[in-house]
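Participant: starting from these lines, generate the structure:
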Amino acid sequence: MTLAAKRTRTSSPADRVGSPGRRWTLFAVCGATFMLLVDLMVVQVALPTIQREVGGSFTDLQWVIDAYALTLAALILAAGSAADRFGRKRMFVAGVGVFTAASLLCDLAGTIEVLIAARALQGVGGAAMFATGLALIGQDFQGADRAKAIAMWGATVGMAAAAGPLLGGFLADTLGWRWIFFINVPIGVATVVAASRLANVRDPGAKGLDWAGMITFSSSLAVLMVGLLRGNAEGWSSTPIVALLLGAVMLLVAFVVVELRQPRPMFDLSLLRRPAFVGVSLATLAIGAGMFASLPFLTFYLQNYLGFSPLVGGLCLLPGTVMCFVVPLATRSYVDKLPPGIVLGSGLATTGLGLFAMHGLSVGASWVVLIPGLVLAGIGVGIANPSIAKIALSVVPPERTGMASGISNTFRISGIALGIAALGAFFERQLATSLQAELGHPSTQLATAVASSGTTAAEKLEPVHPGVLAASQEAFVSSINDVLAIGAVLLFLGALAALTLVRSRHFVKAGASVPRRPEAMAEPTLS
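Facilitator: From the prediction side, this is the model:
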C-alpha cells in the first residue's frame, strides 16, 4: 500500500467504522464508564453488611474502597500510553475482560483479604477501560457528532458517579451485597461484544512502554495515599508519616526527571506549556477532589447520622443524580456556542455553589435542606463533565488522544482517591478535636467509632458519659460542614483555573500535530 493510500485509510477511522459502528463505540464506552465509576462509589453503602458477613477491621473496610481507587488512578497513564502502542480497541477489550473477571472474584470472595485483592484487580482493568474510552470517542467521532457523543459520555459520568449510592443501596437492601459486583458481569460481556466491532487505531511511533515512568508515578501515588490514610493513627509529625510524604514527593520528582528523558513519555510534559491543558487538568482534579470525594461524606450523613437505610439514603441523592444526567443532553446545543473555558469554569463554580449551599447543616436538620445544593451541584457537574472531555481531546493531535484520555482521567480519579483519603483524615481529626472540646478529654477512640459507624456508636462506646451522644452529634455535623466547605473551595479554585487558562486558540486544529522529538513522530494506523 502506498503512503498516500495509507494516509487516506487512516485519516478518518470513523469512515471505516461507519455510522452503525460509531453507535457501538458509544454503547461500549458509556457502558464501561458507567461500570467503573459506579464501582468507585457503590461499595461504600454495603460496607457494614460486608463486615458482618466476611469480617475485617475498619482499616480493612477502607482498603476495600482504596485498593480499587489506587490501582485505577496509578495505572491510567500507563494504560493510555500502551493504548497508543498496541491499539485502543485491544487495550479497551482487555481492560473490560480483566474488570469483569475481577468483579466475579469480588462476588465469590469469602474473606476480606480476597475481596481487597479482587478490588485492586478491578482497578487494573478499569485503568485500561478509562484510559481508552475518550480516545475511542475521539477517533470515531468528529465535529458536531463528537460533541453529541461527548455529551452522552458526560451524562453517563455524572449519572454513574451520583447514582452509585442509590444502586448500591437497592442491591444491598434487596439482593445482597454480592450483587453489587455480579451485576458487572453481564454488562462486561455485552461491552466486550460491542467493542469487538470497533477499529483498532494505534500510533506506530510508540515503540516501547514507559516502565520507569509507570513505576515512579504509581509508587508516588501509592505512598502518598498510605501516608494520608495512616496520618491520624500514626501522628502527622511521626517519623513513618513524614517519611511517607517525603518519599511521595521524591518519587514524583523522579517521575518528572524520567519523563523529561523519555523519547515517548506517557505524560508529555511539554503539554504543561499549553495553558489550556494546565487549566483543564486543574479543573478535572478539582471536580474529583471537591465534588466526587465529598459524596461519601453525604452518604455517611444520610445513613450514619440520620439513620436512613442504604436504599433511602441513595434516593435522597436523586435531585443531584437527575441533574447530572439531564443537563448534558439539555444544554449541549447551547454550550457548544460558548467559549470552552467559560463553560468549564461556570460548571465548576455552580458545583461549588451547590456544596456551599449544603454547608451549614444543624443537629436537628432534615435531609430536605440538602435539596437546593444537590440540584445546583448536579447542574454544575452536568455542565462540566462534557466540557472536560471536549477540552482534553482538543489539546493534543489525534494520534495522541490515548495519552490525553489517560492524563485527563488520571487527574479525575487521582482527585477522587486523594480527596477521599485527605478529606477522610480531616473529617476524623475534626471529630476528635470537637469531641475533646465538648467532653474535656481526648476522644480518639470515640472519634474513630463515630466516623465509621455514626453517632449511635457513642452510646455503645461510652454509655456512662451523659453528654457523649449530644457531643458526638454536634461534632459529626460540624465536621461534615467543614468537609463540604473545603470541597466548595477546591471547586472555586478549579473554576478560576478554567476561566483564566482555557482558551480555544491553544487547541490543536484538525490535521495539526504538537511538535515532539523527530524519532517519536509517526502516523496513526488501523490494525
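
Participant: for this protein, name the helix or strand with the lowest mean pLDDT.
Facilitator: In the chain, no helix or strand scores lower on mean pLDDT, DSSP states H and E than helix 3-10, which sits at a mean of 39.

Participant: neighbours of residue 234, just the number please.
Facilitator: The tally of other residues near residue 234 (other Cβ atoms under 10 Å) stands at 15. Backbone N, C-alpha and C define where each C-beta goes, glycine included.

Participant: can you check residue 61 too?
Facilitator: The tally of other residues near residue 61 (other Cβ under 10 Å) stands at 20.

Participant: what of residue 333?
Facilitator: 12.

Participant: what's the following helix or strand after whichever helix or strand residue 170 is part of?
Facilitator: Under the criterion of DSSP states H and E, residue 170 resides in helix 143-174. Sequence order places helix 179-182 as the next helix or strand after helix 143-174, per DSSP H and E.

Participant: and after that following helix, which helix or strand comes next?
Facilitator: helix 184-195.

Participant: and the residue lying closest to residue 340 once chain neighbours are set aside, which of the three is it?
Facilitator: Excluding its sequence neighbours, the residue lying closest to residue 340 (Cβ to Cβ, 6 or more residues apart in numbering) is residue 391, at 5.3 Å. Here residue 391 is recorded as helix under DSSP: H, G, I helix; E, B strand; the rest coil.

Participant: ditto for residue 377
Facilitator: Put simply, residue 377 is helix when judged by three-state DSSP.

Participant: in the stretch 351-500 of the chain, where is pLDDT below threshold?
Facilitator: 398-403, 405, 440-445, 448, 451-466 (pLDDT under 70).

Participant: helices along that one, start to end?
Facilitator: Applying DSSP state H, counting those that start in this stretch to the stretch 351-500 of the chain gives helices spanning 371-394, 401-439, 444-453, 456-461, 468-501.

Participant: what's the most buried one of these?
Facilitator: helix 371-394 (a mean of 26; mean count of other Cβ atoms under 10 Å).

Participant: what's the closest of the helices of the stretch 351-500 of the chain to residue 126?
Facilitator: helix 401-439 (8.6 Å; Cβ to Cβ).

Participant: for the closest one, packing partners?
Facilitator: Applying 3 or more Cβ pairs under 8 Å, 6 or more residues apart in numbering; DSSP states H and E, we find helix 401-439 packed against helix 58-86, helix 112-140, helix 211-234, helix 275-287, helix 295-300, helix 371-394, helix 444-453, helix 468-501.

Participant: looking at the ones you listed, which is closest to residue 147?
Facilitator: When these are compared by Cβ to Cβ, helix 371-394 sits nearest residue 147, at 7.0 Å.

Participant: what helices or strands is that closest one leaning on?
Facilitator: Using 3+ Cβ pairs under 8 Å, 6+ apart: helix 371-394 touches helix 112-140, helix 143-174, helix 275-287, helix 318-335, helix 340-358, helix 401-439.

Participant: residue 50 is nearest to which of those?
Facilitator: With Cβ to Cβ as the measure, helix 112-140 is the member of these nearest residue 50 (7.2 Å).

Participant: buried ones in the closest one?
Facilitator: Going by neighbour count (16 or more other Cβ atoms under 10 Å), the buried part of helix 112-140 is 112, 115-140.

Participant: with stretch 233-243 instead?
Facilitator: Buried residues in stretch 233-243, counted by 16+ other Cβ under 10 Å: residue 241.

Participant: so how far is that stretch from its chain's centroid?
Facilitator: How far stretch 233-243 lies from its chain's middle: 27 Å, per Cα atoms, centre = their mean, to the nearest Å.

Participant: what sits up against it?
Facilitator: Where contact means Cβ atoms under 8 Å, 6 or more residues apart in numbering, the residues beyond stretch 233-243 that reach it are 227, 230-231.

Participant: adding pLDDT and distance to residue 212, write the residues you listed out as TSV.
Facilitator: Below are these laid out as TSV (pLDDT from 0 to 100; distance: Cβ to Cβ, whole Å):
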residue	pLDDT	distance to residue 212
227	86	23
230	77	27
231	78	29
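
Participant: ok, residue 409 touching residue 76?
Facilitator: Yes. Between residue 409 and residue 76 there is a contact at 5.1 Å, judged by Cβ atoms under 8 Å.

Participant: which residues do the two both contact?
Facilitator: Between them, residue 409 and residue 76 share these contacting residues under Cβ under 8 Å, 6+ apart: 130-131.

Participant: number of residues surrounding residue 252?
Facilitator: 17.

Participant: isn't it right next to residue 219, touching?
Facilitator: No. Taking contacts as Cβ under 8 Å, residue 252 lies outside contact range of residue 219: 9.4 Å.

Participant: picking that back up, quick check, nearest of the contacts of stretch 233-243 to residue 397?
Facilitator: Among these, residue 227 lies closest to residue 397 (Cβ to Cβ), at 37.3 Å.

Participant: rewinding a little: will you turn the helices of the stretch 351-500 of the chain into CSV that also has distance to residue 348?
Facilitator: Shown next, in CSV, are the helices of the stretch 351-500 of the chain (distance: least, Cβ to Cβ, whole Å):
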stretch, distance to residue 348
helix 371-394, 5
helix 401-439, 12
helix 444-453, 28
helix 456-461, 36
helix 468-501, 4
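
Participant: of those helices, which approaches residue 309 most closely?
Facilitator: Checking the helices of the stretch 351-500 of the chain against residue 309 by Cβ to Cβ gives helix 456-461 as the closest, at 14.2 Å.

Participant: before we move on, the earlier item: format the helices and strands packed on helix 401-439 as JSON lines; extra columns: distance to residue 154.
Facilitator: Shown next, in JSON lines, are the helices and strands packed on helix 401-439 (distance: least, Cβ to Cβ, whole Å):
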{"stretch": "helix 58-86", "distance to residue 154": "18"}
{"stretch": "helix 112-140", "distance to residue 154": "11"}
{"stretch": "helix 211-234", "distance to residue 154": "25"}
{"stretch": "helix 275-287", "distance to residue 154": "12"}
{"stretch": "helix 295-300", "distance to residue 154": "17"}
{"stretch": "helix 371-394", "distance to residue 154": "3"}
{"stretch": "helix 444-453", "distance to residue 154": "33"}
{"stretch": "helix 468-501", "distance to residue 154": "15"}
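
Participant: out of those, which comes closest to residue 97?
Facilitator: Per Cβ to Cβ, nearest to residue 97 of those: helix 112-140, 7.1 Å.

Participant: other SSEs contacting that closest one?
Facilitator: Secondary-structure packing of helix 112-140 (3+ Cβ pairs under 8 Å, 6+ apart): helix 13-41, helix 47-54, helix 58-86, helix 88-108, helix 143-174, helix 371-394, helix 401-439.
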